[in-house]
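>>> coords please:
(2 chains)
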Protein chains: 2
Amino acid sequence: MPRIEAVDFFYVSMPKVEDIGDGSQDACVVRVALGSQLGWGECEAAPLPTIAALVCPMSHSACHPVIESVLGATIATPDDIRALGDRVRARSLDLLQAEHALSGIDMALWDALGRATGEPAWALLGYRKSWPKLPYASVLFGDTASDTLAKAKAIRKKGFRAAKFGWGPFGAGTVKQDVDQLHAAREGLGRDGVLLVDAGTVWVEDLKAGLKRLKALAEVKATWLEEPFVSGALDEYKALAKRSKVRLAGGEGAHNFHMARHMIDHAGIGYVQIDAGRIGGISVAKRVADYAKKKGVTYVNHTFTSHLALSASLQPFAGLKDHVICEYPLEAKPVALAITRDRILPDTGGMVAAPDAPGLGLTIDPKALKPYLLDVEIKVGGKALYRTPRL
Amino acid sequence: MPRIEAVDFFYVSMPKVEDIGDGSQDACVVRVALGSQLGWGECEAAPLPTIAALVCPMSHSACHPVIESVLGATIATPDDIRALGDRVRARSLDLLQAEHALSGIDMALWDALGRATGEPAWALLGYRKSWPKLPYASVLFGDTASDTLAKAKAIRKKGFRAAKFGWGPFGAGTVKQDVDQLHAAREGLGRDGVLLVDAGTVWVEDLKAGLKRLKALAEVKATWLEEPFVSGALDEYKALAKRSKVRLAGGEGAHNFHMARHMIDHAGIGYVQIDAGRIGGISVAKRVADYAKKKGVTYVNHTFTSHLALSASLQPFAGLKDHVICEYPLEAKPVALAITRDRILPDTGGMVAAPDAPGLGLTIDPKALKPYLLDVEIKVGGKALYRTPRL
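Residues are numbered from 1 along each chain as shown, chains lettered A, B, ... in the order given. Predicted structure coming up:
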């Protein structure tokens, strides 16, 4: 029976990280050795605290370092991966960052188990087919409406029918500025484009600020308004949803199944957006996909980084034919692109799909990644708990 | 106007940390310098990941290290402390561990501001009086029912009228074993004792396991059953609450206002238990206390560590006369006791209260703490981001 022989976390980063809403500037890449089979994953998380959650000393029986629950575990079936997640959640209950650390390990295990058995992760999850998804180009709003117009036109030229504009100046200035931004995005995409809008939690829990933008969002026929508020503001979500012609989307902040379930049950959202790199991995994301389907809410991946993260985030809803929209990172930084040798590219019809290949279906490129690798050393009480492993 | 000149985190620990449900075996102690005034706080969190959340490199605009938002900020009023918390939450939105790091900083700021103005933190929070609370001795279940009986008797001898038994073997074995434990606790406390029971999330989200213990809990007249499930399992909480004569308690896992609000709104709990060292500090805990009061739910502190943490956790509900039960750590390890020179002790009537003294009202004892201080060093890319500061 294959056991987890090694778990290694790597902190890779652009030489300079800018203070912009671009999550692809660094990454916490995970490598597991399941017997002799390597698997790879990625935590969508601040790398240093996530490494610390992996290796820190135990604080008490509900605050174990993640690695203690993982190393040596036997993983022969999908249920073994799920049970390992339960074990980490129980033994690291009070270690907040543990769920982010677990996410990359869970991904890497689906990759390794898939490679060992010759099955795509989506097949191991019980799906019979990886259905094509409509990728939307996920980009930041331009600094001005005319920048956004140019961005939207460029996206159409690249062959994307759908685009999401988010963060940047949106929501933080006047209503008029936002109205101009929205009309610019619509104009650039054309009438038949799918326009998605991401407020990036800018109104925190200020319902009124959200209400003021509803008219313009409906005018430009946005498909969704994403994250008007922080994930926990369920009542404010629900109140906004009641008044909005445009459906709401949210959930990327969920770091366990229950948080996603609360949004589905109590926030009135039409789309639940899950980052497999945060919620506890592919195992938990699949559980959300099952629940969303049951409740009539559309599942969408949240992916703003690498193609490895994209593949992992596609697996949980690969088999849901009608859940067709998919976030597709378009402005990823070189470090994110260096992680995999291959990419998940749109087909001639402009659609993408989780690879029909074992595990997550992508080849990691350690050589390309090496220039971005940061040397990290963590010592506690004179003992080195972590040193950057060999890539 | 006083500015935050320094923020220092200290990792203190027992030489050996045991794999038991005792959170007092280590601590992440926080010292802030507000102008020339020092203030102290404590994160109820795994120290190493929390230190990493303080000092890690930025990943993107919503993933800043906590210290970046804190150093240099002007704090002249309570509202300034609250606004700083909002700033940290926005700028560290995607850094999961940030809310645990913020908690200790927020506490230390209430301490510093109180000392600078000569006011107790509870007075700065708007309360006119610090009402006496009935402390319950918070201990682990014994390994056997007869151990628990002896523990309960000893607690009564020490003068406590109320006790909470939790964790240990409870909930993980047979129903019969739990029934024996419960009757032993009641017998030891006597008929007039206040008996509280803490399942420590042992049933995760298994409603049936909880239902099986309801009869015995009612028989022994427990005042509450705490944490039958993980914090997020709102539906399971609600279903259990409907069938239970004994009221439910929960909320210690909440790491922001919204999570506590969800439990109050959707979990059917009678008591909401807040750890100021996790939820984002005294500021957020006070917001929960206000909300709980409005909704007819009783607020209780969650404190399993030091008297510094106890004082901080008493402040948010110090002025709520009718919210009278208070968790009181009785088996704290020497490292937790070394943090403060003074203690919050029961008065002749057996009651305790948040100190009527500036700030958190306790004197820190750096000399006593020093033997427990761990040397920590974190280097990224050749640069030392953290070295244990001078205590």
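>>> Low-confidence stretches in the stretch 251-391 of chain A?
Within the stretch 251-391 of chain A, no range satisfies pLDDT under 70.
>>> So which residue is smack in the middle of chain A?
A:Asp275 (2.8 Å; C-alpha atoms, centre = their mean).
>>> So what does that residue look like in phi/psi?
Dihedral pair for A:Asp275: phi -100, psi 110, per degrees, to the nearest 10.
>>> Leaving out sequence neighbours, find the closest residue to it.
Once flanking residues are discounted, A:Asp275 sits nearest to A:His302: 4.0 Å by C-beta to C-beta, 6 or more residues apart in numbering or on different chains. Placement of C-beta: from N, CA and C, glycine included.
>>> For that neighbour, give its distance to chain B.
11 Å (C-beta to the nearest C-beta, to the nearest Å).
>>> is stretch A:82-102 anywhere near chain B?
Yes: using C-beta under 8 Å from any C-beta of the partner chain, we find that stretch A:82-102 touches chain B at A:Asp86, A:Arg89, A:Ala90, A:Leu93, A:Asp94, A:Leu95, A:Leu96, A:Gln97, A:Glu99, A:His100.
>>> now that we have the residues you listed, which one has the most neighbours?
Neighbour counts for the residues of stretch A:82-102 next to chain B peak at A:Gln97, which has 33 neighbours (criterion: other C-beta atoms under 10 Å in any protein chain shown).
>>> tell me the contacts of the residue nearest to the centre of chain A?
Contact analysis of A:Asp275 by C-beta atoms under 8 Å, 6 or more residues apart in numbering or on different chains lists A:Glu44, A:Ser103, A:Glu252, A:Asn301, A:His302, A:Thr303, A:Ala309, A:Ser313.
>>> I figured the first one was touching A:Arg278, is that so?
Yes: in this structure A:Glu44 lies within contact range of A:Arg278 using C-beta atoms under 8 Å: 5.0 Å.
>>> overlap in contacts of these two?
A:His100, A:Ser103.
>>> which ones are touching A:Arg343?
A:His307, A:Leu337.
>>> do the same with A:Trp167
By C-beta under 8 Å, 6+ apart, A:Trp167 lies in contact with A:Ile20, A:Gly21, A:Leu140, A:Phe141, A:Asp198, A:Gly200, B:Ser61.
>>> still on that earlier bit, could I get the contacts of A:Asp275 as a markdown table with secondary structure?
Formatted as a markdown table, the contacts of A:Asp275 follow (DSSP: H, G, I helix; E, B strand; the rest coil):
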| residue | secondary structure |
| --- | --- |
| A:Glu44 | coil |
| A:Ser103 | helix |
| A:Glu252 | coil |
| A:Asn301 | strand |
| A:His302 | coil |
| A:Thr303 | coil |
| A:Ala309 | helix |
| A:Ser313 | helix |
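>>> Name only those of the residues you listed that count as buried.
Buried members of the contacts of A:Asp275, scored by 16 or more other C-beta atoms under 10 Å in any protein chain shown, are A:Glu44, A:Ser103, A:Glu252, A:Asn301, A:His302, A:Thr303, A:Ala309, A:Ser313.
>>> Report the buried residues of stretch A:110-122.
Result for stretch A:110-122 [16+ other C-beta under 10 Å]: buried residues A:Trp110, A:Asp111, A:Ala112, A:Leu113, A:Gly114, A:Arg115, A:Ala116, A:Thr117, A:Glu119, A:Pro120, A:Ala121, A:Trp122.
>>> ok, which residues in the stretch 51-200 of chain A are in contact with chain B?
Counting by C-beta under 8 Å from any C-beta, the stretch 51-200 of chain A sits next to chain B at A:51-53, A:55-64, A:86, A:89-90, A:93-97, A:99-100, A:167, A:200.
>>> try 10 Å this time
A:51-66, A:68, A:86, A:89-101, A:140, A:167-168, A:200 (C-beta under 10 Å from any C-beta of the partner chain).
>>> Of those residues, which belong to strands?
Secondary structure from DSSP state E places A:Leu140 of these in strands.
>>> Tell me which of the residues of the stretch 51-200 of chain A next to chain B fall in helices.
Counting by DSSP state H, those place A:51-55, A:66, A:68, A:86, A:89-91, A:98-101 in helices.
>>> didn't A:Tyr386 look like it was pressed against A:Val55?
Yes: the pair A:Tyr386 / A:Val55 is scored as a contact, 4.7 Å apart, by C-beta atoms under 10 Å.
>>> Identify the contacts common to those two.
Shared contacts of A:Tyr386 and A:Val55 (C-beta atoms under 10 Å, 6 or more residues apart in numbering or on different chains): A:Phe9, A:Ile67, A:Ile378, A:Val380, B:Leu48.
>>> Report the spatially nearest residue to the third one, omitting neighbours in sequence.
So the one you mean is A:Ile378. A:Tyr386 (4.2 Å).
>>> And for the one you found, the neighbour number?
There are 22 residues near A:Tyr386, going by other C-beta under 10 Å.
>>> What helix or strand is it located in?
Using DSSP states H and E, A:Tyr386 maps to strand A:383-387.
>>> buried ones in that strand?
For strand A:383-387, by 16+ other C-beta under 10 Å, it's A:Leu385, A:Tyr386.
>>> Strands along chain A, start to end?
Using DSSP E, strands in chain A cover A:4-13, A:26-34, A:37-43, A:134-140, A:162-166, A:194-198, A:224-226, A:247-250, A:271-274, A:298-301, A:325-329, A:376-380, A:383-387.
>>> out of the ones you listed, which comes closest to B:Leu182?
strand A:4-13 (38.9 Å; C-beta to C-beta).
>>> Give me the buried stretch members for that closest one, please.
A:Ile4, A:Val7, A:Asp8, A:Phe9, A:Phe10, A:Tyr11, A:Val12, A:Ser13.
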